[in-house]
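> The sequence isn't on hand, but the structure is:
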């Protein structure tokens, strides 16, 4: 033992001192040893669902007070619900900090207005807010609504008012919003789904028939291989990611990550392979080539369940980067040659021997033969051995009893080739026979808690609920046109082709819109719906504002100022609005875009003449309702406390606003009043439709007795809730707002609130909540069995043919009595009955994925076809080209993303999360940092052609320089969470840097690959 | 008042024998560093449950935040980027109290009942008895306790003794998204660890192992490490921790001296009283005290 003199004196002095003190009475008189009291002993417990991401974790909320009338409930603690099959009691750092979200000092408590040119908010009453907003809307609608187009087609379109809806809101808010805005004629509407997972729907639906995550969270545990690419599941979906860890721990599964950064998922992975942002199609195209060349294909599956053997019409081709039918002037394809060759009956011609040179199999083979290992290494910068290892691991799952799953998110969607990134993986999973299998599938990890629900409810420019399209003026001038063109003709014999029921879904929906006013005679009120002319996505909305063509913007829980790309242009666009209405529980940058916040938002308030209303709404803990998680589970949550101040549910504001507008039209008259006057409003308290009433309308009910055509049995009596969408009718006898939700609130009650978590095998819990469609947990599960009806892998049996019908732990995604050999194929939502390797004419930018460089490319060329560098079908508004930079000026690749400590732009308002990650930073590799003289913790300036940010530098070994096309490419990582409405340190909007260019099909912006420069500030 | 919701093993600066008839289960928290994604859910839920909120800090060029343990941040994630055999590893360790079987903090604490070791293994600080001397800080081989700037008292992880007493797992354990933290009897946790270690060895981590250092009698917070042979890779986790020699000195030499000195002071006081009568506080001092009270 060595004690220095100094230490000795120190300890002796302190020891003497304290002991003496104790003796002299400074010590506590009574030395107790009781633990801290357990603070929840008799607190009231309320079940809820987390409001942040789409894992949909279960919550236990505890509130002060027994629930007695005299006590005012106050949420004092939130923790995970251990009964919840996905989260099992866990919560991520956001979920763990929910208490501070509810009690954020930056919640909006009263209605406020910012008068034109003013520098401050002014408190007003709800009454004044509604009166003023309704007046703005009525005047603008009367002036600008288009009753008929040039061809005399009724279009009822009001383009000068935009609506942004909220993917975090519950379904009930979503469906009432849908009802109200379509009655007003709004088509310039969008939601967060657009800028996060819109390419998912557009890629998965053409591939498999539905646009959703194929499997579910718990099912990930059944995988032999988990590939995380185009996403960072550990970071963005930590609790869902537990099931990947479970696969590793319990099954010995391999976990592999391909990403520009060695990220939090890579920290626990078996293998990490770096890649240049924006080159996923090259990597995955290389995988397709490898699988075919090395014969790692589930042949029986591919032949029976995909369109591999279908023959494509003469005239289809691909040359020098362009598919056949390209119109250079328009930047658009004529897709007529991208289709099947049909026989005289209009059925697809096939060649089961796969010999025909124009069969899909041979076209696919030829297309990807160009994606050699050399090409992959040259373009992606990925090390060859890493690429090869991933090919081998994936290839091994071509065995019928080996299954791989893929977890992806915005790393694939947010590109100009977003849809095609996902399509490439869809092709791989089909070649490996991994779709429909437990532990397989393509798991699109959705973002917001209810972005799946809001997508389902069609709160997008050109959609209606249940993936039923909104009529277009060009294709559907009349109801008959609509039904004829939207309903697909069967393309092969014996297929279920479930969309053949479109008219039942649509008429039931029109009955929901217009109630008794919808009759057979008036085509169920078809003409009252607005008809779209163009897609009004977020980028297009910004452009309309910029051009001064939009007067009003209603923003419901969407921080557009933070989320839209090219923020400097967004501020300009908002500044041209006459009025803006923001409904949100917390203060957002959108509502205060006119406020000067120094470097973060350097605007001159006095020059901005927009009248801005900020209205306080409730959040998850303060309402009942349902949300849909990424695995399509519709889960009900219960109110735990009253909202603060004068905040109230969106439902009440929407109702009050709509009824006020209707009153104005009744009294004053006005343009196109019919849809407003005829909208069904059957709610008990018209000013406050209840979540229960709305959710029951989504499920649907019988308006007259519904009778089975064959047996004559009564399936549902008049007035009863429907049990199945198979009971929907197109004769006006059923009402249903969203057909895919039928079964969620039946005569048996609220199915979404069910809590039986019994595992019936493979982690499947069919008694928990409700999973659309029809409570199916693994989509396309008929494909988990071979054509004869036997499971490909007996250990992974989900359903099977018992000689009479399909049965099993899951609800068969198939006609239950269609016997194997009957000729019906597993993908019941496609007109072919098969999944599509070749997407025919469904997509704007090609039937097979092809690599195009990001709009800002570090190499400035495309070695695959130097004449066509970027995607030829990208939409560029006037002036947008000038806002794109080149590698000469901006030499580094940037990619944006979120951190696990934060959720988008909300949690900077949550103290616990502000503590966990308090200040804006960027990530830069050691080599580039050295070159630029940047040390960890330095403030750096990152700039793009569009603007700049300043942030702290995290210098890391986790981002390495890559060699691409014989040059060194450095990548920089930029988290997105910062702004000026914050409890954390004030920061810049990251989207100052990002370009306003989007995917060719859905216009999801290219947030994930663009060019920047970096300097020490 | 019942003071026995958890049975006591040891109390700081107390010589009274503790009740010994009951034998509750010895608990442990196992942190599997190899499946930790560093999401900080444990940090956040710890602060939420324990009603503490640290200051909103700064970014100093790393993911770590709060940068260090604090009286209001009882657990923090420490991130280390390590290159081993040409392979990059991002080692993320949840740092906080290890709940040693032989707790240096308790041994060095001079204030009766400020630090309690329960029979289930939890080492708990009772701030109402804390005199803020900082001895526990010196005595801790893991550098865990922190003195609060607000009240001058020492704070650290309680292993959620309140939850455990009510039959629940600690908050961090419950919330851990990937299941990297588990909780149960120490015997069970060792078994869970053994299974994980076997799995890691199969996956090529030849030196995977359990961190349960004997120098402090073992701990009630244990780690599964991929590189158990080099714990220092994990943000300086001590390889062979033991109680500071100063604590030994205090217990061995200084304490008897102090006791003697105290006896001397007591004796001196008695003489003082006998000779000079009771102490009288001057008017000036009284004013001073009043002023302080008023503040």
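Received it, and whenever you're ready, just let me know what you need. From a predicted model like this one, the values you see are computed outputs, not experimental measurements.

> Once you drop chain neighbours, what's closest to the residue most central in space within chain B?
The residue lying closest to the centre of chain B (CA atoms, centre = their mean) is residue B:97, at 3.5 Å. Leaving aside its sequence neighbours, residue B:97 sits nearest to residue B:157 (CB to CB, 6 or more residues apart in numbering or on different chains; 3.9 Å). The way it works is simple: take the backbone N, C-alpha and C, and place the C-beta from them, glycine included.

> Tell me the secondary structure of the residue nearest to the centre of chain B, please.
Of the three states, residue B:97 takes coil under DSSP: H, G, I helix; E, B strand; the rest coil.

> now it: how far from chain A?
Residue B:97 sits 15 Å away from chain A when distances are taken as CB to the nearest CB, to the nearest Å.

> For that residue, give me the pLDDT.
If you check residue B:97, the pLDDT there is 98.

> which phi and psi does it have?
Torsion angles at residue B:97 (phi, psi; degrees, to the nearest 10) stand at phi -60, psi 140.

> Near the nearest residue to residue B:71 once chain neighbours are set aside, how many other residues are there?
Take residue B:71 and drop its neighbours on the chain: the residue closest to it by CB to CB, 6+ apart is residue B:148, 3.5 Å away. Residue B:148: 16 surrounding residues under other CB atoms under 10 Å in any protein chain shown.

> Compute the distance between residue B:148 and chain A, please.
16 Å.

> right, and that residue touches residue B:72 too?
Yes: using CB atoms under 8 Å, residue B:148 is in contact with residue B:72, at 7.5 Å.

> Now list whatever residues contact both of the two.
Both residue B:148 and residue B:72 are contacted by residue B:155, under the criterion CB atoms under 8 Å, 6 or more residues apart in numbering or on different chains.

> looking at this, the residue nearest to residue B:97 is in a strand?
No: counting by three-state DSSP, residue B:157 is not found in a strand; it is coil.

> tell me the contacts of it?
Residue B:157 makes contact with B:46, B:74-75, B:96-97, B:99, B:144, according to CB under 8 Å, 6+ apart.

> rerun that using 7 Å as the cut-off
Residue B:157 sits next to B:74-75, B:96-97 when contact means CB atoms under 7 Å, 6 or more residues apart in numbering or on different chains.

> rewinding a little: just checking, the residue nearest to the centre of chain B touches residue B:144?
Yes: taking contacts as CB atoms under 7 Å, residue B:97 lies within contact range of residue B:144: 4.9 Å.

> which residues are common contacts for those two?
Between them, residue B:97 and residue B:144 share these contacting residues under CB under 7 Å, 6+ apart: residue B:156.

> Chain B versus the closest residue to residue A:480 other than its chain neighbours, what's the distance?
In this structure, residue A:480 finds its nearest non-sequential neighbour in residue A:523, 7.9 Å apart by CB to CB, 6+ apart. Distance of residue A:523 to chain B, given as CB to the nearest CB: 51 Å.

> if I pick the closest residue in space to residue A:201 that isn't next to it in sequence, what's in contact with it?
Closest residue to residue A:201 apart from its sequence neighbours, by CB to CB, 6+ apart: residue A:211 at 3.1 Å. Contacts for residue A:211 (CB under 7 Å, 6+ apart) come out as A:200-201, A:204-205.

> List only buried entries from these.
Neighbour-count burial (16 or more other CB atoms under 10 Å in any protein chain shown) applied to the contacts of residue A:211 gives A:200-201, A:204-205.

> Walk me through the domains of chain B.
Following automatic domain parsing, chain B resolves into domains at B:8-243, B:246-294.

> oh, I was asking about chain A
What automatic domain parsing lists as the domains of chain A is A:202-447, A:881-1016.

> Nice, that's everything, thank you.
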